[in-house]
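Colleague: Below are the sequence and a predicted model for it; my questions follow.
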Amino acid sequence: MYTKATRRGAAFLVALILLMGFVTLAFAQDSTDLQATIRAAILSDPRSSGMTEEEIDAMVAALASEAEMQGVTSQDIMWRPQDPASFDEVGSGSGETCGYSAFLCALNDAFGFSGSPLIIPLLLGVCSALLLFVLGSILLHTHGHHPVRGSLS
């Protein structure tokens, strides 16, 4: 009667229907959360005190549908940037914060190495100077003459 392939197909179909049901429930929950967040944001604005309930419902529905089309979630709406003063600061950029002169500390911060040891950018600078020296030496020997002294032979 039923073969293994038919049973597997039926099991796959049931699993697919259940998965689609769970996804629909998840999106419905997100939509409800999104509408509640938008409603709370509108009601927190003092200018909305003169609006009727129907106007608020229409505005919430329009904003929620546009937000869903753009992929905006309720967490995106509730997100507030953190005050930069509350960040854990490494220091104020003066000499005593990194252990070297203020110029080296500022240079360290300017190249994005703040919070790391100063040895990293110093080693990168030394390696860059060595690379320039090696490339210059290769350039001199391939052309066969020194620009100041003339020919090498």
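Modeller: Done, it's in.
Colleague: Tell me, please, the helix or strand in this protein that averages the lowest pLDDT.
Modeller: Here the helix or strand of the chain ranked lowest by mean pLDDT, DSSP states H and E is helix 95-98, holding a mean of 55.
Colleague: for the helix or strand just after that helix, which positions count as buried?
Modeller: Using DSSP states H and E, the next helix or strand after helix 95-98 towards the C-terminus is helix 102-110. Under the neighbour-count criterion of 16 or more other Cβ atoms under 10 Å, helix 102-110 has Cys105, Leu107, Asn108, Asp109 buried. C-beta coordinates here come from the backbone N, C-alpha and C atoms, glycine included.
Colleague: before we move on, what about stretch 44-58?
Modeller: Buried positions in stretch 44-58, judged by neighbour count with 16+ other Cβ under 10 Å: none.
Colleague: So for that stretch, mean pLDDT?
Modeller: When pLDDT is averaged over stretch 44-58, the result is 87.
Colleague: How far does that stretch sit from its chain's centre?
Modeller: Centroid separation between stretch 44-58 and its chain, computed with Cα atoms, centre = their mean, to the nearest Å, is 35 Å.
Colleague: Tell me the span between the first and last residue of that stretch.
Modeller: Taking Cα to Cα, to the nearest Å, the first and last residues of stretch 44-58 lie 17 Å apart.
Colleague: Could you list the low-pLDDT ranges of the protein?
Modeller: By pLDDT under 70, the weakly predicted segments of the chain are 1-2, 4-5, 21-31, 81-98, 115-116, 144-153.
Colleague: So which residues of it form strands?
Modeller: Here the chain has its strands, by DSSP state E, at 145-146, 150-151.
Colleague: that older thread, from the buried residues of helix 102-110, which is closest to Pro46?
Modeller: Asp109 (42.3 Å; Cβ to Cβ).
Colleague: now the closest one: how far from Ile119?
Modeller: Going from Asp109 to Ile119 by Cβ to Cβ, to the nearest Å gives 15 Å.
Colleague: Please apply the same query to Trp79.
Modeller: 38 Å.
Colleague: now do Phe111
Modeller: Phe111 is 14 Å from Ile119, by Cβ to Cβ.
Colleague: Those two: who's more crowded?
Modeller: Under the criterion of other Cβ atoms under 10 Å, the comparison of Phe111 against Ile119 puts Phe111 first, with 12 against 9.
Colleague: Now that one: closest residue in space, sequence neighbours ignored.
Modeller: Pro121 (5.9 Å; Cβ to Cβ, 6 or more residues apart in numbering).
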